[in-house]
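J.: Got a predicted structure here, sequence first:
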Amino acid sequence: MDVYGLIGNPVGHSLSPPMHEAGYGSLGIDARYVTFEPAPDDAAAAIEGAGALGVAGLNVTVPFKRDALAAVDPAPLAERIGAVNTVDFAPVRAGEADRPRGHNTDAAGVKRAFAHHGVELDGRDAVVVGAGGAGRAAAFALADAGAAVHVANRTAERAAELAEAVPGATGGGLDDLGDRVAGADVLVNATSVGMDEPEATPVPADHLHGDLAVLDAVYAPIETRLLREADAAGATTIDGAWMLLFQGVEAFETWTGADAPVETMNAALRAELE
């Protein structure tokens, strides 16, 4: 039996175990998915220890995504983003490498969420709100898919720093966010706005429009104020559970080499959310 898992702190709230185990059960894969909660400064030790115990793969969440880079051989995209959320021990187990391979599947989660909803990204104007971990993954994903990306962040300097790393991107503060969104085709909320205060929104409703596709990375609540108002404006709306699902699907496929049963994993995820 293979063991996969998640390291984070805290990690007890994670929705990944039922999602992944539903996938294993659907395909008849003899595997389990468990959670580990190491001390906040022990990312490298936790990854090394998991490998020593024979764990086949790990997901990595806050606060370990950036620190995990030092414990793996990062794939090019993970290195560009500056964060790892998926660790694959297969190269080590096969004797092909001394360190596990590190991936960032958050970017794939963004692209696959848009693709699932029929949203074309190539040649589109995109606005990403937030320059943290989710914002970095979203900005690189959109740019790599051919979109022209603008990063908007409360701290303009952080947005500008991220924009310098993303091909063709621009960055700035929130002062002109409304105008940016009004002229955009794609919007990603990569902040936590709308999670702790459900009536909060990162973008005023009067800037939303029917030609917009909106992905909100927040998945609790599943329907945020941003998504409600975007839907009322006629926009295509994509809740955060889709991004969570598809980053997990990408990790599942990386580890197992099998096509993930997306519908089964989605049903398990949404059952937990409900």
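T.: Yep, that arrived.

J.: how about the strands in the stretch 51-200 of the chain?
T.: 57-60, 73-74, 86-88, 101-103, 125-129, 148-152, 170-172, 186-189 (DSSP state E, counting those that start in this stretch).

J.: and those as TSV, adding distance to Ala45, mean pLDDT and mean neighbour count?
T.: C-betas here are computed from N, CA, C, even on glycine. Below are the strands of the stretch 51-200 of the chain laid out as TSV (distance: least, Cβ to Cβ, whole Å; pLDDT from 0 to 100; neighbours: other Cβ atoms under 10 Å):
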stretch	distance to Ala45	mean pLDDT	mean neighbour count
strand 57-60	13	98	28
strand 73-74	17	98	20
strand 86-88	13	98	27
strand 101-103	16	98	24
strand 125-129	33	98	26
strand 148-152	33	98	26
strand 170-172	35	98	18
strand 186-189	34	98	27
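
J.: Tell me which of those strands sits nearest to Leu269.
T.: strand 57-60 (13.8 Å; Cβ to Cβ).

J.: Can you tell me the strand partners of the closest one and which way each runs?
T.: strand 2-7 (parallel), strand 86-88 (antiparallel) (DSSP bridges).

J.: Output those in CSV, with distance to Leu177 appended to each entry.
T.: Conversion of these to CSV gives the following (distance: least, Cβ to Cβ, whole Å):
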stretch, distance to Leu177
strand 2-7, 33
strand 86-88, 31
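
J.: okay, and for the stretch 51-200 of the chain, where does confidence drop off?
T.: Scanning the stretch 51-200 of the chain for pLDDT under 70 picks out no residues.

J.: hey, where'd the helices end up in it?
T.: 76-81, 90-93, 106-116, 133-144, 156-165, 177-182 (DSSP state H, counting those that start in this stretch).

J.: Tabulate these (JSON lines), appending distance to Asp196 and mean neighbour count.
T.: As requested, the helices of the stretch 51-200 of the chain are arranged in JSON lines below (distance: least, Cβ to Cβ, whole Å; neighbours: other Cβ atoms under 10 Å):
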{"stretch": "helix 76-81", "distance to Asp196": "25", "mean neighbour count": "18"}
{"stretch": "helix 90-93", "distance to Asp196": "38", "mean neighbour count": "15"}
{"stretch": "helix 106-116", "distance to Asp196": "21", "mean neighbour count": "24"}
{"stretch": "helix 133-144", "distance to Asp196": "16", "mean neighbour count": "26"}
{"stretch": "helix 156-165", "distance to Asp196": "21", "mean neighbour count": "17"}
{"stretch": "helix 177-182", "distance to Asp196": "20", "mean neighbour count": "18"}
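
J.: Reformat these into a markdown table and put distance to Leu27 next to each item.
T.: Shown next, in a markdown table, are these (distance: least, Cβ to Cβ, whole Å):
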| stretch | distance to Leu27 |
| --- | --- |
| helix 76-81 | 26 |
| helix 90-93 | 17 |
| helix 106-116 | 19 |
| helix 133-144 | 27 |
| helix 156-165 | 37 |
| helix 177-182 | 41 |
